[in-house]
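Colleague: Sharing a sequence plus its predicted fold:
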Amino acid sequence: MSDSIPTQLRFPPFAGFTVRADFEGGALSSDFGPLLLRGVDQQIGLIHRLSQAINDRRHASYIDHSLCDLLTQRIFQIACGYADANDANTLRRDPMFKLGAERKPLETEQDLASAPTFSRLENAANNRDLYRLAQAFVEQFVASYAKPPKMIVLDMDHSEDQTHGQQELAFYNHHYQSHCYLPLFLFEGLSGKFITAALRPGKRPKGAENAMILKRVLKRLRQQPEKTGRATSAIHPAVARYLLPQRPPRRTGAAATLAHLPRDRLSGPLLAAGLSHRPESRSHGTRR
């Protein structure tokens with residue numbers, strides 16, 4: 001058509017510059033987050049630490065994306081609100097995500113990984129990889145302090161992660177009234193820093209399981225001068241037995257503070273007071 005819009009519009013030059021407008025769009029992105037995340041990770045080195053925790057079993061001749069690049073892309077996508085791995089099919093060409101992964105933004109040969117690659121990656125991780133990842137988070141927490149703090153408060157609680165469809169190890173949890181996973185999270189109570197997490201099925205947690213996780217975390221943190229733990233949900237006898245030198249009551253309650261200080265300074269009265277508090281929640285048919 002003779003009256004169609006030209007591919008470029010030319011405007012009068014200004015200060016020696018040629019001014020043109022086109023309708024190509026160029027390399028556009030609506031996400032600036034990957035560049036910010038890249039700057040943060042360059043300072044703390046978290047993604048490199050996590051990549052060292054995973055055993056890469058892929059054959060070297062078939063690798064186009066290193067494990068560190070895959071974790072960078074997946075973590076940055078989730079942090080920017082793209083939790084679904086299928087979003088990688090579009091975002092792999094996004095110039096900001098490519099810059100965040102230290103790839104040239106306009107080179108098609110340097111596109112990021114696609115969704116099938118992440119599907120294989122996430123299904124290849126085994127229990128040993130997950131255990132080492134949890135350890136890597138603890139090491140990252142320890143490394144975040146320039147010098148040992150005077151006190152560390154362990155905030156431990158489970159959180160609902162709802163599932164949809166026939167997902168493996170997703171169970172119905174009566175307390176949350178949903179099918180879910182029930183991962184365990186540990187934070188430092190004074191600073192709010194993340195310490196580690198343990199992936200769990202949606203069933204009700206056992207106290208022995210919580211005590212086992214606490215034991216491993218405290219073993220690593222025992223070099224700190226003082227350590228305090230608190231639980232925001234029920235205190236199971238197995239957890240209390242690990243934290244107290246004497247045998248606690250068989251039934252324990254909620255909203256108590258667990259103290260794990262050096263044995264000669266164990267704040268027994270504070271923990272005993274928490275153990276004696278048992279709210280009457282069973283009248284509502286709720287199991288904690």
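Modeller: That came through, no problem. Residues are numbered from 1 along each chain as shown.

Colleague: And the strands in the stretch 1-150 of the chain?
Modeller: Ranges of strands within the stretch 1-150 of the chain are 8-14, 17-22, based on DSSP state E, counting those that start in this stretch.

Colleague: Go ahead and flag the most central residue of this protein.
Modeller: residue 197 (7.2 Å; CA atoms, centre = their mean).

Colleague: Same list, the strands of the stretch 1-150 of the chain, but as a markdown table with mean neighbour count please.
Modeller: C-beta coordinates here come from the backbone N, C-alpha and C atoms, glycine included. Listed next are the strands of the stretch 1-150 of the chain as a markdown table, based on neighbours: other CB atoms under 10 Å:
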| stretch | mean neighbour count |
| --- | --- |
| strand 8-14 | 9 |
| strand 17-22 | 9 |
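
Colleague: got those as a markdown table, with distance to residue 211 columns?
Modeller: As requested, the strands of the stretch 1-150 of the chain are arranged in a markdown table below (distance: least, CB to CB, whole Å):
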| stretch | distance to residue 211 |
| --- | --- |
| strand 8-14 | 70 |
| strand 17-22 | 65 |
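
Colleague: now those in a markdown table, with distance to residue 36 and mean pLDDT?
Modeller: Below are those laid out as a markdown table (distance: least, CB to CB, whole Å; pLDDT from 0 to 100):
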| stretch | distance to residue 36 | mean pLDDT |
| --- | --- | --- |
| strand 8-14 | 33 | 77 |
| strand 17-22 | 30 | 76 |
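
Colleague: Let me know which of those is the nearest to residue 52.
Modeller: strand 17-22 (45.9 Å; CB to CB).

Colleague: From the rest of the structure, what touches the closest one?
Modeller: Applying CB atoms under 8 Å, 6 or more residues apart in numbering, the contact partners of strand 17-22 are 7, 8, 9, 10, 11, 12, 13.

Colleague: Now for the first one: which residues touch it?
Modeller: Applying CB under 8 Å, 6+ apart to residue 7 gives the contacts 22, 23, 24.

Colleague: returning to that earlier point: what's the residue nearest to the centre of the chain in contact with, if anything?
Modeller: Residue 197 makes contact with 134, 137, 183, 184, 185, 186, according to CB under 8 Å, 6+ apart.

Colleague: Now with 10 Å, please.
Modeller: The contact partners of residue 197, by CB atoms under 10 Å, 6 or more residues apart in numbering, come to 130, 133, 134, 137, 159, 183, 184, 185, 186, 187, 213.

Colleague: Next, it: secondary structure please.
Modeller: Per DSSP: H, G, I helix; E, B strand; the rest coil, the local secondary structure of residue 197 is strand.

Colleague: quick one: it from residue 182, how far?
Modeller: Using CB to CB, to the nearest Å, residue 197 is found at 11 Å from residue 182.

Colleague: Residue 141 now?
Modeller: In this view, residue 141 and residue 182 are 22 Å apart by CB to CB.

Colleague: State the pLDDT value of residue 112.
Modeller: Note for residue 112: predicted pLDDT of 95.

Colleague: That one: neighbouring residues, count only.
Modeller: By other CB atoms under 10 Å, 24 other residues sit near residue 112.

Colleague: which residue packs closest to it, ignoring adjacent ones?
Modeller: Computed as CB to CB, 6 or more residues apart in numbering, the closest residue to residue 112 that is not its neighbour in sequence is residue 92, at 3.9 Å.

Colleague: And for residue 101?
Modeller: Here the residue nearest residue 101, using CB to CB, 6+ apart, is residue 72, at 5.0 Å.

Colleague: The one you found: how many residues sit nearby?
Modeller: Neighbours of residue 72 under the rule other CB under 10 Å: 26.

Colleague: For it, which residues are in contact?
Modeller: Applying CB under 10 Å, 6+ apart to residue 72 gives the contacts 34, 37-38, 41, 47-48, 50-51, 65-66, 97, 100-103, 112.

Colleague: Swap in 7 Å and give it another go.
Modeller: Residue 72 makes contacts with 47, 100, 101, as judged by CB atoms under 7 Å, 6 or more residues apart in numbering.

Colleague: quick one: which of these has the most company?
Modeller: residue 100 (28 neighbours).

Colleague: In the stretch 51-200 of the chain, mark out all the helices, start to finish.
Modeller: Under the criterion DSSP state H, counting those that start in this stretch, helices of the stretch 51-200 of the chain are mapped to 67-79, 88-91, 95-100, 115-124, 127-143.
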